[in-house]
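[1] Let me see the structure of the following:
(one chain, ligands or ions: 3)
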Amino acid sequence: MYVDVILPLPLPGSFTYAVPPEFADKVGIGCRVVVQFGNRKIYTALVRKIHSDADSSLAFKDILSVLDNEALVKEWQFRFWDWMASYYMCTTGEVMNAALPSAFKLASETRVAINPDYRIDSVTLNEKEFSLVETLYNSKKSIEISRISRIIGQQKIIPVVKTLIEKGIVLLEEEVREKYRPKKEYFIKLDDAYSNNEAALKELFDHLEKRAKKQLEILMHYIQISRHGFDELHEVKKVELLKKSACSAAVLDSLIKKGVFKGYEKTAVRETKLNPESSPGSISLSDQQNRAIKEIRDSWTEKDVVLLHGVTSSGKTEIYIKLINDILEQGRQVLFLLPEIALTTQIINRLRKYFGDKVGVYHSRFNDAERAEVWKRASVSSKRPGGSASYDIILGARSAVFLPFADLGLVIVDEEHDSSFKQVDPAPRYNGRDAALFLAHLHGVKALLGSATPAIETYYNSKQGKYTLVELPERFGEMELPLIQIVNIREELRRGRMKTHFSATLLDQLAGVLQNREQAILFQNRRGFSLRLECEACHWMPMCKNCDVTLVYHKKSNQLRCHYCGYESPVPSVCPVCQSTGVKMKGFGTEKVEEELGIFLPEAKIARMDLDTTRSRHAYQTIITGFEEQKIDILVGTQMVTKGLDFDHVSTVCILNADNMLNFPDFRSEERSFQLMAQVSGRSGRKKKRGTVIIQTYNPAHPIIQSVMKNDYTGMFKHQLTERRKFKYPPFYRLILLRIKHRNPQLVDQAASDLAKKLSRIFGNRILGPEYPPVSRIMNQYLKHIIIKVEIESSVILAKSKLLEIIGAFYQKPEFHPVRVLIDVDPQ
Ligand code: ADP
Ligand code: ZN
Ligand code: ZN
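    Numbering: from 1, shown residues only. Ligands and ions are numbered 1, 2, ... in the order given. So this is what the prediction gives:
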């Protein structure tokens, strides 16, 4: 008996292992097994196929153990992985790596032992090596590296172990252990003898009152906690009860011994009771929303994908909730995909309000154990026994497409235009939206894409009839779209009406906001205090030593930092090139905006939201909550403030400089600028009061600024489409980007031009480059890009197989072996 397994490595194909008799009835397809691969490496692999037709003349290694009793990965998931590997041109092993939470990929704690065959000559050992060897000798068996380091009080021991292994003195013994254990908690519940019998309970009270005041205290607290929001007495967590009552565990134990309480351990499942008034049935939709829902349901009888194009605040979420409810009533599951940063408690709470504990959340800020838990709960159907713990709605970022859905019934992708659906590194470089559409197709279920500013490709697909287009052109509840005011920076400068980066119009508007006790959002798409430093005399600028970018000044730390690799350096007081002291700040970022605004509006409470202020897991939420509770008047932020947030008192939104986004060198920069400006504008204006948006720009006549002002998505779309057709970009051409990478710039040059030459022979003028990307060195790796443009109507499968052939031929040259060629299909 043999198994073909997938290894979590960037190697093509699957690998065959033999199954020893003791595992024969344990292995199953989709189960994990432990195998040895290479000399000493031990991996967790996934069984893809069980068979008996291996070439018996070859010696196959045995599998070492079986980790699952039942399939962790379902049959259809393998087909999904295959599609992803072939579409995005990577290996199934790489997809496996992205798909499985690392808790399922086993931590191997490395253990080492003395090589008994080695005769040690102490002269060859230095002091550190000697003490390590001594420890191993004394222990007589293998020990974990972490333990040795504790024993000998050495932190950096790995390099020592490494040299000893290389010298053959120490052997490695890897021990694979499973990391994931479901979280168990201890619960306390009043015994039925009391909870169902008031008289007995009263008697117990009287008894404890006289004899055991401490025990009475616990009982009272138990009743208080467990009644909260419920009709009957409920179980409570032991830790919670002890904390609230401030009693010792011993007091509680004596009550358990008396039979008053039952104590037991179980897997923790949060229980929230639903408010019966907030059922999806209780939402009454507007006429517009009802029409949209009808159109969506009708179109699903013919087509699989609907694009819901609804302006900001048109009530798309309410529509999603109704449609989700349809699917839940059929006992099936819904995947609800969002761009990472928009996974705020705002949307989670909105869905939980209606669907309670049926909503599971899955994204990268969750730890491994939590992700593993969601995995398990998505894989059971609520219709099956034990299904009460199932998640019927999964709200997640792109990686949620990999969950083992028990019975998927619908896929929704909100803010479908967002470029953060795309994974850049490592492979698979997939787009979560497109993967979700394939997932829906694989399950034979319908999909809904929603956005106020659809991606050009998506809108084009709907215009071509591939998707159905459903429009919601009005905001909910007679709310008006905001009034957009364009401020010409050049003109304002000329008239002396600019105070640093703020026009008088903007500052007046903000003063009004403060007076009316409203709130404002200020958008600036760069973080940091100032873009960069520059010597006024010789124009020298401090650069990162690892990357080809200028360093950014961060005021809080008073350091210069690289936004690509994190390299930090102190601020120079004189120019190192010409010794001039005139090293000055240029440009401006969010941190500087926050500070300067404080000077002009001293009474305003200002906060900042960008990558720097939201590094910790809860920081993002803290800022949002503070803003919701009006502890903050003005929120200064980057892209983060544009996404899917709803605030009740925001009357004004300001875009400080529209030009730096428009001028970014990328064929999507105009589309992106429109999306950003329209989305951030959408945060302005609430019920009954029309909002205001102020856009500062040097270029008020720019067609994109004009489209934003007129809220003219279709105008923008038509213009972009003409450009895309003319310059051969999506949606008329598919792009495949090759990133050629190595430490040696000459080698990168050579390799890139060799590869481009080979490609041109087949693809002709469909090849763009090789070119240096805007940042041509990152973390000491030099980069060159080649783009292949394939006509949308021609066979992309054929193009991809040609491409792989050419890359294969390229690697025939030994000097190119160390060069990396990364393939990015549909780059963003
Ligand atoms: P979108 O997702 O399109 O930006 P939302 O779904 O967030 O819009 O709706 C905007 C606001 O209008 C929200 O505060 C929402 O609660 C409210 N709203 C939308 N539809 C309804 C409805 N049918 N009944 C009550 N409130 C609604
Ligand atoms: Zn200088
Ligand atoms: Zn750097």
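[2] you'd agree Leu783 is in a helix?
    No. Under DSSP: H, G, I helix; E, B strand; the rest coil, Leu783 sits outside any helix and is assigned strand.
[3] What separation do you get for the nearest residue to Met609 once chain neighbours are set aside and ligand 3?
    Once flanking residues are discounted, Met609 sits nearest to Gly637: 3.9 Å by C-beta to C-beta, 6 or more residues apart in numbering. Yep, even glycine has a C-beta here, placed from its N, CA and C like the rest. Going from Gly637 to ligand 3 by C-beta to the ion, to the nearest Å gives 24 Å.
[4] how much space between Gly637 and ligand 1?
    According to C-beta to the nearest ligand atom, to the nearest Å, Gly637 and ligand 1 sit 18 Å apart.
[5] Compute the first-to-last residue distance for stretch 10-21.
    End-to-end distance of stretch 10-21 (C-alpha to C-alpha, to the nearest Å): 30 Å.
[6] Please identify the buried residues of that stretch?
    For stretch 10-21, burial by neighbour count (16 or more other C-beta atoms under 10 Å) applies to Ser14, Phe15, Thr16, Tyr17, Ala18, Val19.
[7] Show me what the residue nearest to Met609 is bridged to.
    Note on Gly637: beta-bridge partners by DSSP bridges are Phe523, Met609.
[8] Tell me which residues touch it, please.
    By C-beta atoms under 8 Å, 6 or more residues apart in numbering, Gly637 lies in contact with Ile521, Leu522, Phe523, Gln524, Thr590, Arg608, Met609, Asp610.
[9] Gly259: how many residues sit nearby?
    Gly259 has 10 neighbours, counted by other C-beta atoms under 10 Å.
[10] Which residue comes closest to it once chain neighbours are left out?
    That would be Asp191: by C-beta to C-beta, 6+ apart, it lies 5.8 Å from Gly259.
[11] for Asp425, same thing?
    Among residues not flanking Asp425 along the chain, Leu822 sits closest, at 7.9 Å (C-beta to C-beta, 6+ apart).
[12] now swap in Ala249 and tell me
    Once flanking residues are discounted, Ala249 sits nearest to Leu242: 6.2 Å by C-beta to C-beta, 6+ apart.
[13] That neighbour touches Ala250, doesn't it?
    No. In this structure, Leu242 is not within contact of Ala250 by C-beta atoms under 8 Å, at 10.5 Å.
[14] So for these two, which residue has more residues nearby?
    Between Leu242 and Ala250, Leu242 has the larger neighbour count (other C-beta under 10 Å), namely 17 against 8.
[15] After the helix or strand hosting the more buried one, which helix or strand is next?
    Using DSSP states H and E, Leu242 falls within helix 238-245. Note on helix 238-245: by DSSP H and E, the next helix or strand toward the C-terminus is helix 249-257.
[16] Select the longest helix from the chain.
    In the chain, taking DSSP state H as the definition, the longest helix is helix 745-763.
[17] for the helix or strand that that one is followed by, what is the average pLDDT?
    As assigned by DSSP H and E, the chain's next helix or strand after helix 745-763 is strand 767-771. When pLDDT is averaged over strand 767-771, the result is 91.
[18] Which SSE is immediately downstream of strand 767-771?
    Downstream of strand 767-771, the next assigned helix or strand under DSSP H and E is strand 777-778.
[19] still on that earlier bit, the helix holding Leu242 packs against which elements?
    Packing partners of helix 238-245 (3 or more C-beta pairs under 8 Å, 6 or more residues apart in numbering; DSSP states H and E): strand 184-190, helix 213-227, helix 249-257.
[20] now the angle between helix 249-257 and it, please.
    Note on geometry: by axes from the mean of the first three to the mean of the last three C-alpha atoms, to 10 degrees, helix 238-245 and helix 249-257 are set 120 degrees apart in direction.
[21] Enumerate the positions of stretch 552-569 that are buried.
    Of the residues in stretch 552-569, Val552, Tyr553, His554, Leu560, Arg561, Cys562, His563, Tyr567 count as buried by neighbour count, 16+ other C-beta under 10 Å.
[22] May I see the residues you listed organised as JSON lines, with pLDDT added?
    Converted to JSON lines, the buried residues of stretch 552-569 look like this (pLDDT from 0 to 100):
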{"residue": "Val552", "pLDDT": "81"}
{"residue": "Tyr553", "pLDDT": "80"}
{"residue": "His554", "pLDDT": "77"}
{"residue": "Leu560", "pLDDT": "87"}
{"residue": "Arg561", "pLDDT": "84"}
{"residue": "Cys562", "pLDDT": "82"}
{"residue": "His563", "pLDDT": "75"}
{"residue": "Tyr567", "pLDDT": "86"}
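[23] from those, which is closest to Val411?
    His563 (34.0 Å; C-beta to C-beta).
[24] check contacts around the closest residue to Gln224 other than its chain neighbours.
    In this structure, Gln224 finds its nearest non-sequential neighbour in Lys244, 7.7 Å apart by C-beta to C-beta, 6+ apart. When contacts are counted by C-beta under 8 Å, 6+ apart, Lys244 touches His221, Gln224, Ile225.
[25] does stretch 290-302 come close to ligand 1?
    No. Under the criterion of C-beta under 6 Å from any ligand atom, ligand 1 is not reached by stretch 290-302; the shortest gap measures 9.1 Å.
[26] and that stretch, which residues are buried?
    Under the neighbour-count criterion of 16+ other C-beta under 10 Å, stretch 290-302 has Ala292, Ile293, Glu295, Ile296, Ser299, Trp300 buried.
[27] What residues does the fourth one make contact with?
    The contact partners of Ile296, taken as C-beta under 8 Å, 6+ apart, are Val306, Leu308, Ile319, Leu323, Leu448, Thr468, Val470.
[28] These, buried ones only, as a ChimeraX selection?
    Selecting the buried subset of the contacts of Ile296 in ChimeraX, with 16+ other C-beta under 10 Å as the burial test, is done by:
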select :306,308,319,323,448,468,470
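[29] any chance of the contacts of Ile296 in TSV, plus pLDDT and distance to ligand 2?
    Shown next, in TSV, are those (pLDDT from 0 to 100; distance: C-beta to the ion, whole Å):
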residue	pLDDT	distance to ligand 2
Val306	98	59
Leu308	98	55
Ile319	96	59
Leu323	96	62
Leu448	98	57
Thr468	97	61
Val470	97	59
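[30] OK, contacts around whatever residue of the stretch 401-550 of the chain ends up closest to ligand 1?
    As assessed by C-beta to the nearest ligand atom, ligand 1 sits closest to Phe476 within the stretch 401-550 of the chain, at 3.8 Å. Applying C-beta under 8 Å, 6+ apart, we find Phe476 in contact with Ser286, Gln289, Ser313, Ser314, Gly315, Glu318.
[31] Ala18 now?
    Counting by C-beta under 8 Å, 6+ apart, Ala18 has contacts Met1, Tyr2, Ala54, Phe60, Lys61, Asp62, Ile63.
[32] run the last query once more with 7 Å
    Tyr2, Phe60, Lys61, Asp62 (C-beta atoms under 7 Å, 6 or more residues apart in numbering).
[33] now do Leu171
    By C-beta under 7 Å, 6+ apart, the contact set of Leu171 is Val112, Ala113, Asn115.
[34] can you pick the most crowded of those residues?
    Val112 (22 neighbours).
[35] Pull up the gap between the spatially closest residue to it that is not a sequence neighbour and ligand 3, please.
    Nearest residue to Val112 in three dimensions, chain neighbours excluded: Val170, at 5.1 Å (C-beta to C-beta, 6+ apart). Distance, Val170 to ligand 3, using C-beta to the ion: 36 Å.
[36] now Lys784
    From Lys784 to ligand 3 the distance is 18 Å (C-beta to the ion).
[37] pLDDT value on that residue, please?
    According to the prediction, Lys784 has pLDDT 94.
[38] With mean pLDDT and distance to Glu129 as added columns, please give the helices and strands packed on helix 238-245 in TSV.
    Listed next are these as TSV, based on pLDDT from 0 to 100; distance: least, C-beta to C-beta, whole Å:
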stretch	mean pLDDT	distance to Glu129
strand 184-190	80	43
helix 213-227	85	58
helix 249-257	89	48
